[in-house]
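Chemist: predicted model and sequence below, questions to follow.
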Amino acid sequence: MNIKKIILLLCNLIIFNAMTAQKHEFLKIPKFNEADLSKPKSLIDENAPAEFLHRSSDFVIDAKTGELHKKFFARIKIYSKEKAEKWLSLEIPLMEVGNKHEYVTLKAITYNIENGKVISTKVSKDSKYKSIEDKNITITKFAFPNVKDGSIIEYQYEIESPFLLSIPEVFIETEIPSVYTEYVLDTPQSILFSMNYSGSINPKYTLSQDDSFYNIPYKTYRFGFENVKGFKTEKFVGNDNNYKTKIKAELNSINFLGRFEQYNLTWDQIMKNLYENSHFGGELGKAKIAKENMPIEVLSAKSLQEKADIIFNFVKNQYTWNKERGIFTSNGIKKLIESKTGNAAEINLLLIAMLREIGIKADPLLISTVNNGIINMAFPSTYNVDFIIAAVETKDGYHLYDATSRQSSCNELPPRDWNQFGILLSKDKAKQLDMINLKPSFKYLTIEAKINENGSISGSYSDKDKGTFAILSKESYDDNADKYKRQYKENFSTNFLEINSKILENGEFESTMKFLEDNLIDKVGKKIIINPMLFLSKNSNEFDQVEQRKYRIDFISPLVKVKKVVLEIPEGYSIEELPKSKKIVTEDKEISYNYVVEQKGNTLEIISTTTVNSADYPKEYYPAFKQIWGVASKTENQVISLIKK
């Protein structure tokens, strides 16, 4: 097809969409339909626990005041209350900065059929409560009352906001299907936006045109979607939201009430602005504070790499991250040094300032953490990033540091940081820097056990992590130590005793425990039947997806997982037949699995090793993972028979 035909086709499509949108009426909430209460299942997906019958997100900017009005409506049919728990409550975040704040008006209701009549239950004021997310965000929360299988819940609320940049990203795809979803933005032409549309679902109705409200020129954008299927998640995906269809209004410029500001900046312009900002560049420039607090061990270091490691270890061990993200300091580096606690920007900007003070070429790397989504390079903005780490340039490339985690090391970052790339801000240029996690993580699972005369098995179990696995385990342990220890009993259904978790001197994180279990063997006459992998056998294939894989396979880091079982055979018994050893590896040597069995006297030793050489893979690798994980599952479920001599 030549270019003229393509242009003609696109023009016809735009004209057709405009015509259909004009026929379609947006912002018209349908009347409540009693028949929906009797609807037994979704026609889009019969297994869906709930679905949106109607959903609307409407954003209007007042041309006189510049206030942003955010209006939301949703009517949701609940098919299975137990499986639709996420949708049975609502959280509304409200922003407050200085003397400016958002406020909300809300009504919410639950509909049921009781004795042949429609009964409605309103959300009472007493059931609503507020919680403080951080110093700028307060969340209003409530749960819908009287929800049952078959109920319909409905909410409608409006937020009045002085913050033009608080137009939220709206996900067209959610975990449940939607009969109808719409997105509307009406803005004065003196306040310009670009519509950042991403995803695979196309709207049925679209409208983008100049308009006039009360003789004031407006720009209006409308998108309508029908019969949207629920988003199906896949295992080994960092953030599902990166793949969902979504719409985000990006502010370009304001020329309003004597105020002119340009927001569609380049990364170089953003870099310049940040270095001029007192909460960013101003803090980086505090060379005196950096010099006065330099660890004395630096003086005896011989190489720049050694100096960098000394400073990094000093900062990460001396100062505690308060879990506050962001790229601007809150209380400043001086306050961080006094209190020993600060936000991510304060800790890592201090690290960069110290590295620069001793002559190391260190720069801030702006990143978007995994939960925040991937940076949209087409719309440069500080609102697209939420974290700073340090990048040190050497002759062999860049080395990355994040001093907010005491388990991290050079190029060994917390899992939240590994999100494809960041924006490197040197003193004269901004550029994209790819972030590839090359350091493998290690997990060593070790059982030493013996079979007792009464048929029980007792022994010790060790779970030792290194690298990214150690960071994950330590963070989970710090969040809730009791829950972390409880996971062993829940995951393995084994009676563990004396669970002890700690950081080792080399930075590894280890949990050790004892166990006594009497349900791991079967007796058949004079034989003892047992899986020698005990509770470490792979009972399921995590790569069990039936549908074709859609998204990349993300492991966060390369990995090596070793399971070792040393099992003492009871006196007077012999092994009828040893399990078969097994080895499987892909042609490119990227993925491998090895299972080795060896008998040493009355002791049986089994070691299984799984190796994955890269942090992530294209979806085309899924069949290889499925095959290898299937082989591992089958191999680790081999049993042996012990025969009494």
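Modeler: Received the coordinates, thanks. Numbers count the residues shown, from 1 in each chain.

Chemist: which helices and strands sit right next to the helix or strand encompassing Lys431?
Modeler: In this structure, Lys431 sits in strand 430-434 according to DSSP states H and E. Judged by 3 or more CB pairs under 8 Å, 6 or more residues apart in numbering; DSSP states H and E, strand 430-434 is in contact with helix 267-276, strand 421-425. In this view, the C-beta of every residue, glycine as well, is placed from N, C-alpha and C.

Chemist: contacts for that strand?
Modeler: 266-268, 270-271, 365, 377, 391, 398, 420-424 (CB atoms under 8 Å, 6 or more residues apart in numbering).

Chemist: from those, which is closest to Val524?
Modeler: Val524 lies nearest to Gln420 out of the contacts of strand 430-434, by CB to CB, at 54.1 Å.

Chemist: residue contacts, the closest one?
Modeler: Per CB under 8 Å, 6+ apart, neighbours of Gln420: Ile374, Asp434, Met435.

Chemist: list buried members of those by neighbour count.
Modeler: Ile374, Met435 (16 or more other CB atoms under 10 Å).

Chemist: between the contacts of Gln420, which sits nearest Asn313?
Modeler: Of all the contacts of Gln420, Met435 has the smallest distance to Asn313: 21.6 Å, by CB to CB.

Chemist: quick one, what contacts the closest residue in space to the closest one that isn't next to it in sequence?
Modeler: Residue nearest to Met435 in three dimensions, not counting chain neighbours: Phe421, with 5.5 Å by CB to CB, 6 or more residues apart in numbering. Phe421 sits next to Ile375, Gln432, Leu433, Asp434, Met435 when contact means CB under 8 Å, 6+ apart.

Chemist: output those residues as CSV; include the columns distance to Asn452 and pLDDT.
Modeler: Below are those laid out as CSV (distance: CB to CB, whole Å; pLDDT from 0 to 100):
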residue, distance to Asn452, pLDDT
Ile375, 57, 94
Gln432, 60, 97
Leu433, 57, 97
Asp434, 55, 96
Met435, 51, 96
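
Chemist: ends of stretch 47-66, what's the gap?
Modeler: Length of stretch 47-66, first residue to last, CA to CA, to the nearest Å: 45 Å.

Chemist: in the chain, what helix or strand scores lowest on average pLDDT?
Modeler: When the helices and strands of the chain are scored by mean pLDDT, DSSP states H and E, helix 3-23 comes last with a mean of 48.

Chemist: CA atoms of the following helix or strand past that one as CSV?
Modeler: Heading C-terminal from helix 3-23, the first helix or strand you meet, by DSSP H and E, is strand 50-61. Only the C-alpha atoms of strand 50-61 are listed here, as CSV (Å, rounded to 0.1, in the frame of the first residue of the first chain):
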residue,chain,number,x,y,z
ALA,A,50,-17.4,-8.4,38.9
GLU,A,51,-17.7,-6.0,36.0
PHE,A,52,-18.2,-2.3,35.4
LEU,A,53,-21.6,-1.6,33.9
HIS,A,54,-20.7,2.0,33.4
ARG,A,55,-17.6,4.0,34.3
SER,A,56,-16.8,7.6,33.6
SER,A,57,-13.8,9.8,34.3
ASP,A,58,-14.5,13.5,33.5
PHE,A,59,-11.9,16.3,34.0
VAL,A,60,-13.0,19.9,33.5
ILE,A,61,-10.8,23.0,34.1
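
Chemist: list the buried residues in strand 50-61.
Modeler: For strand 50-61, a neighbour-count test (16+ other CB under 10 Å) marks Ala50, Glu51, Phe52, Leu53, His54, Arg55, Ser56, Ser57, Asp58, Phe59, Val60, Ile61 as buried.

Chemist: from the chain's centroid, how far away is the helix or strand following that strand?
Modeler: With elements assigned by DSSP H and E, the helix or strand that comes after strand 50-61 is strand 68-78. Distance of strand 68-78 from the chain centroid (CA atoms, centre = their mean, to the nearest Å) equals 25 Å.

Chemist: picking up where we left off before, next, format the helices and strands packed on strand 430-434 as a markdown table and append distance to Ser198 and mean pLDDT.
Modeler: Listed next are the helices and strands packed on strand 430-434 as a markdown table, based on distance: least, CB to CB, whole Å; pLDDT from 0 to 100:
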| stretch | distance to Ser198 | mean pLDDT |
| --- | --- | --- |
| helix 267-276 | 19 | 95 |
| strand 421-425 | 17 | 97 |
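
Chemist: ok, Thr266 - how many residues close by?
Modeler: For Thr266, the count of nearby residues is 10 (other CB atoms under 10 Å).

Chemist: so it sits against Pro380, correct?
Modeler: Yes: with contact defined as CB atoms under 8 Å, Thr266 reaches Pro380; the gap is 5.9 Å.

Chemist: quick check: phi and psi at the residue nearest the centre of the chain.
Modeler: Taking CA atoms, centre = their mean as the criterion, Asn371 is the residue nearest the geometric centre of the chain, at 3.5 Å. Asn371 has phi and psi values of phi -70, psi -20 when expressed as degrees, to the nearest 10.
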